[in-house]
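**Student:** fold the stuff below for me.
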Amino acid sequence: MLKVAITGPESTGKSTLCEALAKHFHTVWVEEYARSYLENLPRAYNYTDILHIAQMQMQEYELKKQQANQIIFCDTELLVTKIWAEHAFGKCHAWILANLPKQDFDLYLLTYIDLPWQYDKLREHPHKRDFFWQWYLNEAKNLGWNYEIITGMCKERTQKAIQAIQELANKRGILLNLARDSQ
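**Tutor:** As a prediction, this is how the structure comes out:
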């Protein structure tokens with residue numbers, strides 16, 4: 001099974017891309033846990049919430065892997081929570097730091113900041129897009145990840161991601177069955 005994480009700064013189309021890829025490959029995807037959690041939180045988030053979000057995101061990923069059809073997509077992963085915690089609180093939980101290098105994704109799709117910013121009550125940094133982009137890119141390099149930078153508008157972005165996934169599958173000798181009845 002191929003395991004693909006979609007990561008990058010806020011408002012770069014991660015959720016949209018994740019859903020489109022899961023639809024294309026007829027498989028499941030792990031939604032961003034932070035979104036549903038924060039939308040239902042009756043107070044401002046705190047440092048402890050970030051750890052809970054990170055742990056639940058990875059728990060959802062482990063559960064969804066059992067339902068996947070040759071490939072799984074995860075909308076965000078532990079790097080998102082590391083950067084979030086460090087920027088918001090100047091520190092990061094030991095659990096996140098210990099588990100970040102242990103993630104088992106085969107490919108990280110790093111979404112670029114070329115999509116227009118879209119307001120959302122959960123998004124916090126419209127004027128720091130380049131700052132966060134550089135942070136994500138540097139972390140991906142430092143962690144030695146197999147990553148592809150995904151640029152372009154909607155359909156072009158999705159096609160670039162599909163191509164990167166197919167190339168990885170070909171390198172690994174995995175024939176991705178795109179038939180709907182293979183689930």
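**Student:** can you map out the helices along this protein?
**Tutor:** 14-24, 33-39, 47-65, 78-89, 94-99, 129-142, 154-171 (DSSP state H).
**Student:** count of neighbours near residue 87?
**Tutor:** Neighbourhood size, residue 87 [other CB atoms under 10 Å]: 15. Glycine gets a C-beta too; all of them are placed from N, C-alpha and C.
**Student:** same question, residue 45
**Tutor:** Neighbours around residue 45, by other CB under 10 Å: 16.
**Student:** swap in residue 102?
**Tutor:** Neighbours of residue 102 (other CB under 10 Å): 8.
**Student:** over to residue 140?
**Tutor:** Neighbours of residue 140 using other CB under 10 Å come to 19.
**Student:** thinking again about what came up before, can I get the helices of the chain in JSON lines with distance to residue 121?
**Tutor:** Converted to JSON lines, those look like this (distance: least, CB to CB, whole Å):
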{"stretch": "helix 14-24", "distance to residue 121": "15"}
{"stretch": "helix 33-39", "distance to residue 121": "8"}
{"stretch": "helix 47-65", "distance to residue 121": "16"}
{"stretch": "helix 78-89", "distance to residue 121": "16"}
{"stretch": "helix 94-99", "distance to residue 121": "24"}
{"stretch": "helix 129-142", "distance to residue 121": "18"}
{"stretch": "helix 154-171", "distance to residue 121": "23"}
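**Student:** any chance of those in a markdown table, with distance to residue 106 and mean pLDDT too?
**Tutor:** Listed next are these as a markdown table, based on distance: least, CB to CB, whole Å; pLDDT from 0 to 100:
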| stretch | distance to residue 106 | mean pLDDT |
| --- | --- | --- |
| helix 14-24 | 14 | 96 |
| helix 33-39 | 21 | 95 |
| helix 47-65 | 12 | 97 |
| helix 78-89 | 15 | 98 |
| helix 94-99 | 17 | 98 |
| helix 129-142 | 14 | 97 |
| helix 154-171 | 6 | 95 |
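**Student:** test my guess that residue 177 contacts residue 25.
**Tutor:** No - the criterion here is CB atoms under 8 Å, and residue 177 misses it with residue 25 at 9.2 Å.
**Student:** give the residues shared as contacts by the two.
**Tutor:** Listed as contacting both residue 177 and residue 25 by CB atoms under 8 Å, 6 or more residues apart in numbering are 69-70.
**Student:** more neighbours, the two?
**Tutor:** Per other CB under 10 Å, whichever of residue 177 and residue 25 has more neighbours is residue 25, with 24 against 14.
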